[in-house]
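>>> Sequence plus the predicted model coming up.
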Amino acid sequence: MIVRFRLNGESVVQVVKPNETLLDVLRDRIKLHSVKKGCDEGLCGTCTVILNGVPVRSCLMLAVQANDADIITVEGLAKLGTLSEIQQAFLEKNGFQCGFCTSGMMLTAKVLLDSNPKPSLDDIKDAFDGQLCRCTGYEQIIESVQRAAELRTAKK
Ligand code: FES
Ligand code: FES
């Protein structure tokens, strides 16, 4: 089957199997290895991408369901080689260690801050519910999101 979508602003056309997940197409066909395969059953959030403005678990979605969609991965956060506020904040606050969960965390942060520029602690915890990290204990991730909100506000 042929599937067409926009990936970080670029048009993509792929021939896929009907049962192929979006995760497998992104990783195995397009070689976008920033999208991580963790549990492969919807439990960890490492495979999160933004699809039409919503964070989705790409392991739970068939590639054909992404036809005509706008997809953003972590590569879509930086503009012209400049880190986004979210990436800058994760660097400043040590929001990652091994980095396996980080793409999904940053994309979840983007969706949260795009709709809620000044999230409360509870807002952040709610948004990241189900995004698993084995390394950081989550404190640095929460601080990174709070810092990203500050950087975005300062830029306006
Ligand atoms: S790999 Fe998709 S949720 Fe874990
Ligand atoms: S930084 Fe290692 S899993 Fe989150």
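Nice, thanks for sending it over. Ligands and ions are numbered 1, 2, ... in the order given.
>>> Model confidence score at Leu80, please.
On pLDDT, Leu80 comes in at 79.
>>> Am I right that Leu91 is in a helix?
Yes: per DSSP: H, G, I helix; E, B strand; the rest coil, Leu91 lies within a helix segment.
>>> Isn't it up against Leu83?
Yes: if you go by C-beta atoms under 8 Å, Leu91 and Leu83 touch, sitting 7.3 Å apart. The way it works is simple: take the backbone N, C-alpha and C, and place the C-beta from them, glycine included.
>>> Phi and psi next, for Leu62.
Note on Leu62: backbone dihedrals following degrees, to the nearest 10 are phi -80, psi 140.
>>> Excluding chain neighbours, give the residue nearest to it in space.
With sequence-adjacent residues excluded and distances taken as C-beta to C-beta, 6 or more residues apart in numbering, Leu62 is closest to Thr21, at 6.2 Å.
>>> correct me, but the one you found touches Ser58?
Yes: counting by C-beta under 8 Å, Thr21 does reach Ser58; the two are 6.6 Å apart.
>>> So for the two, which residue has more residues nearby?
Ser58 (27 against 23; other C-beta atoms under 10 Å).
>>> What distance do you get for Ala148 to ligand 1?
Per C-beta to the nearest ligand atom, to the nearest Å, Ala148 is found 23 Å from ligand 1.
>>> residues near that residue, how many?
Count around Ala148 with other C-beta under 10 Å applied: 27.
>>> Contact partners for Arg152?
Shown in contact with Arg152 (C-beta atoms under 8 Å, 6 or more residues apart in numbering): 85, 113, 117.
>>> Just among the residues you listed, which is most surrounded?
Highest neighbour count within the contacts of Arg152: Leu113, with 23 neighbours (other C-beta under 10 Å).
>>> end-to-end on stretch 69-83?
One end of stretch 69-83 to the other measures 24 Å (C-alpha to C-alpha, to the nearest Å).
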